[in-house]
Every structure is written in C-alpha cells, then in structure tokens.
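Peer 1: Fold the following.
(2 chains)
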There are 2 protein chains.
Amino acid sequence: MDDCAVIDNGNEYMILTTDMMNEKTHFPQGSKPYYIGWYSIAVNLSDIAAKGGKPLAILAAISMPRSREINFFEEILNGMEDCVKKYGGKIIGGDTKESPFLTIAITAIGRVRKNEYMARKGAKAGDAVYVTGSLGKEANLYLGNVDELLNVKPRIKEAHELAKARVATSCMDLSDGLASSLYQLAKINGIGFLIYEKWLPIDDKARKMDSPLEFALYHGGDFELLFT
Amino acid sequence: MDDCAVIDNGNEYMILTTDMMNEKTHFPQGSKPYYIGWYSIAVNLSDIAAKGGKPLAILAAISMPRSREINFFEEILNGMEDCVKKYGGKIIGGDTKESPFLTIAITAIGRVRKNEYMARKGAKAGDAVYVTGSLGKEANLYLGNVDELLNVKPRIKEAHELAKARVATSCMDLSDGLASSLYQLAKINGIGFLIYEKWLPIDDKARKMDSPLEFALYHGGDFELLFT
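Peer 2: This is a model prediction of the structure:
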C-alpha cells in the first residue's frame, strides 16, 4: 500500500490519504488540544508531500464526549487551521460526533502533475539514500517534550522542489521509522540498502538518550521524506 | 453546512463527504459486521446522491481492538465492498488502527456536472415537497430488525435522474428526520412548508408502532432524498 490513493484527473493526479487517531492509542498523556489538531493534519500532509503533491483540501471528522469543554474542541480546530494556513490546502468539510473519547479522522486531498508524481517504486541499485531533517525525534516523548513531538512539520515545500526537479527515483514518508521504511522500499524495489551509521542525521534529542541509534532507526514519529 | 464539500474541477464538481461512526453511539446492539460495513458506506453515498453526484472513490478508516476476530473485520469489508459494487465508486484507500472499540470513518468522493448539481438552497414559495421511499424506518430498531435498519439504500440512481432532469429547486438527504430536514431547508431558503399528514409515505414498519407519525417526522434513519 502506498502513502496515498490516486485518482486520474487529466494531466494531474488527485492524491488522497486518510488517517484515524484516538487519544487512547495515538496521543501521549499531556497532549495539548492545539497540538493534537496540528498533528492530525500534519501527518496527513506528510503523506501528500511524499508523492510530491500540494495540499488542496481537508475533511476533518472529530468524535468526543459531550462532556468535554468547548474550549478543548476549539483549540483542536485552531491547531488544524494553523497547520493548514502554514502548509496549504483548506478545511472544506467534516463531521462531529459523540464518542466516549477523542477520535479524529482526517482525509487530505492533494494534487500533483503526473510527470512530477513520486512513487515508492523506482529505486535502483547504485542510487544514494537521502532523508530530510533529522531522525529519532520520538526521543521527545521520553524527554517530556510532547508539544514538540506533535509539532510535526510536513515536508511539503521540500517534496515539491524535489518533485519538480524530477531527480528522485523513489520517495516515501518516514512515519514508521527508517529501518521499517527502508525494508518496505527494499521489498517493493527488489534491492538492498547499505546505511552508514556515521552519516545518519541523528536528532539532538535522540543523542540525549542511552541508545540514539535505536531511536534513529526503529522509532516512529519522524515525518521526514525518505528518497533515493 | 451542506451535505458535501465541493471542489471546482473544470466542468464538474468533485463532491466530498465524511462520516465517523462508532459502535458505542451509532450501531445498535446486535449489529452484524456485514451490515455495519454496508451502512457506513451507504450513508456517505446518500450524501453524494443528495447533490446529484455519482460515487467515484471511497477511503475507509477502521479502528478496533486487536482482540477482535479477523472474521469480524473481513465481514465489515465485505459489507463495504458489496455496497460499493451495487452503488458505484471504488474503495481506493484507507487506514487501520487500534482502538478500544470499533470506529469507522468513511470519506466518499463523487462527481457531478456543474449544471446538474443540486443544492439545498433554491426552494421557492409554491414549490411542491417530495421524498423518495418511505418514512419512519427507524421503527425497525424497535421491532428488532437491526439488519434492515442498517441496510440503507442510497438513492444514487433516483438522484442522478432527478439531477439530469434539472427539475428540483433544492435537494438534501433526510438523515436527521423529515421535520428537522424541512426546518433546515426552510431556514436556508427563507420559506415555510405545509405538510399534509395524509400524503406522508409512512413506512409499513412505522405503522406497527403506537405513533407512526412520530417516527415519520422526528426519527432519523431514513436516508431518502427530500427535494422541492
């Protein structure tokens, strides 16, 4: 399964992705509603970015207990709006329902020119492996920086430049950690990867942990681009 | 808020709608997974129908406890697939997550020619009021017919004929009951409605209840078209 589904639309693809998150499984204790809203949009935009796409529209469905304060709900929306304002697109619709705990389902729609579309398939032997940003940011969870963990910066701009330049042979987003993502790329493309520890851009926060490499390779939470 | 959000796409609109449902609030006791899957798609297609649209694509996000049997999950998917097979579109993507109880978020994308698009706004004094099918089907819940209640038949075909004929001045789907829907239409259009009890197409199941009219007017569960 790719990061996004695709609809053929003339000389463009519409790219679509959906993510459902709930506060029992996905948002750590102490998550602020503003960052929950931001994060829920940002991780979907990261999928759009991985295809070289630009965000076009967002649908946001939110379920929560009736007893929750209206302020909690508004802060979620503020976070969503700010993320969209910064990275593009528009929240054009949604749904609100009652539920015993907070659940958010986001659908993001993007567009990309067909000749700029970046797929997971395409990497060849001899290609170099790149990532944007740094790896191991989930260390923030253990350092108590929950806001920072949720403050994901989708690589819309970087991905679009990359897509326009048409130099990447494959691209995906890194939501499940580098090792798992490389494994997927390897399987899809029938190749192997040689990764040098000394060249890994390990995040400063991960370096504060007992096993920085562990965080850089095996933890999720880095919504960076992985491309060849 | 309209039934759907709209993206301008040449001589068409892309129409989008999202609905989140969970087993604590939306699926009655005894709901079979097959009908849960069917229903979750059908209610979204009903929104597409209300605009005169044809289903193009579906994204399905499903959260449930890890302990649930795989068969339960597969039956949900079977219900979804059968509904799409019958009414059009294609499930092109989704997301599966862990959650303490079943939650489903569906996003449906449809398309409609701009000159066939049906809006809520447009009803005028003197227009007649129509509904498809019958009213009060939520009576099935009280008669123990949960399967039938969830076996929603979105009016895709009827709506498309209506849209092509370009005779409706306004249209919406009836998910919240006739009274509430008429109230919304009245408010949007600045008009009132005169409804004759004797002409209401009350469902046979509602007629078995103590107060058939109550079911026909005030209960949800009828995913019919209301148009003028």
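Peer 1: what number of residues lie near A:V43?
Peer 2: A count of nearby residues for A:V43, using other CB atoms under 10 Å in any protein chain shown, gives 23. No exception for glycine: its C-beta is placed from N, CA and C like everyone else's.
Peer 1: Report all helices and strands that whichever helix or strand it is part of contacts.
Peer 2: If you go by DSSP states H and E, A:V43 is part of helix A:33-50. On a contact count with 3 or more CB pairs under 8 Å, 6 or more residues apart in numbering or on different chains; DSSP states H and E, helix A:33-50 meets strand A:12-22, strand A:54-64, helix A:70-87, strand A:103-113, helix A:146-150, helix A:156-165, strand A:171-173.
Peer 1: can you put those in CSV and add mean neighbour count and mean pLDDT?
Peer 2: CSV is the format used below for those (neighbours: other CB atoms under 10 Å in any protein chain shown; pLDDT from 0 to 100):
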stretch, mean neighbour count, mean pLDDT
strand A:12-22, 25, 96
strand A:54-64, 24, 96
helix A:70-87, 17, 97
strand A:103-113, 26, 97
helix A:146-150, 19, 95
helix A:156-165, 18, 95
strand A:171-173, 26, 95
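Peer 1: need the contact list for the residue sitting furthest away from the middle of chain A.
Peer 2: Most distant from the centre of chain A: A:S67, at 30.6 Å, with distances by CA atoms, centre = their mean. Residues near A:S67 by CB atoms under 8 Å, 6 or more residues apart in numbering or on different chains: none.
Peer 1: Remind me which helix or strand it belongs to.
Peer 2: Per DSSP H and E, there is no helix or strand for A:S67.
Peer 1: measure it to A:F73 for me?
Peer 2: Using CB to CB, to the nearest Å, A:S67 is found at 12 Å from A:F73.
Peer 1: As TSV, the helices and strands packed on helix A:33-50 with distance to chain B would be great.
Peer 2: Listed next are the helices and strands packed on helix A:33-50 as TSV, based on distance: least, CB to the nearest CB, whole Å:
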stretch	distance to chain B
strand A:12-22	4
strand A:54-64	4
helix A:70-87	14
strand A:103-113	3
helix A:146-150	17
helix A:156-165	18
strand A:171-173	14
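Peer 1: nearest to B:V152, of these?
Peer 2: strand A:54-64 (18.6 Å; CB to CB).
Peer 1: Point out the other helices and strands that the closest one packs with.
Peer 2: Applying 3+ CB pairs under 8 Å, 6+ apart, one finds that strand A:54-64 contacts helix A:33-50, helix A:70-87, strand A:91-98, strand A:103-113, helix A:156-165, strand B:5-9, strand B:12-22, strand B:103-113.
Peer 1: and B:G37, which of these is closest to it?
Peer 2: strand B:103-113 (7.9 Å).
Peer 1: For the helix or strand following the closest one, give me every contacting residue.
Peer 2: Downstream of strand B:103-113, the first helix or strand assigned by DSSP H and E is strand B:130-131. Residues outside strand B:130-131 that contact it (CB under 8 Å, 6+ apart) are B:L174, B:L178, B:P201, B:D222, B:E224, B:L225, B:L226, B:F227, B:T228.
Peer 1: let's see it at 7 Å
Peer 2: B:L174, B:P201, B:E224, B:L225, B:L226, B:F227 (CB atoms under 7 Å, 6 or more residues apart in numbering or on different chains).
Peer 1: what sits against the first one?
Peer 2: In this case it means B:L174. B:V131, B:S181, B:D222, B:F223, B:E224, B:L226.
Peer 1: just the second one next, same as before
Peer 2: Applying CB under 7 Å, 6+ apart, we find B:P201 in contact with B:V131, B:S134, B:L135.
Peer 1: out of those residues, who has the most neighbours?
Peer 2: B:L135 leads these on contacts (other CB under 10 Å) with 25 neighbours.
Peer 1: pLDDT at the residue nearest to that residue when sequence neighbours are not counted, what is it?
Peer 2: Of all residues not flanking B:L135 in the chain, B:A216 sits nearest, at 3.9 Å (CB to CB, 6 or more residues apart in numbering or on different chains). pLDDT recorded at B:A216 is 96.
Peer 1: which SSE is B:A216 in?
Peer 2: Using DSSP H and E, the element containing B:A216 is helix B:212-218.
Peer 1: helices and strands around that helix, which ones?
Peer 2: helix B:178-189, helix B:204-207 (3 or more CB pairs under 7 Å, 6 or more residues apart in numbering or on different chains; DSSP states H and E).
Peer 1: how about those helices in CSV, adding mean neighbour count and mean pLDDT?
Peer 2: Shown next, in CSV, are these (neighbours: other CB under 10 Å; pLDDT from 0 to 100):
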stretch, mean neighbour count, mean pLDDT
helix B:178-189, 17, 95
helix B:204-207, 18, 96
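Peer 1: contacts for stretch A:15-23?
Peer 2: A:3-7, A:27, A:40, A:43-44, A:47-48, A:51, A:53, A:101-112, B:59, B:61, B:63, B:93-95, B:97, B:99, B:103, B:105, B:107.
Peer 1: That concludes my questions; thank you for your assistance.
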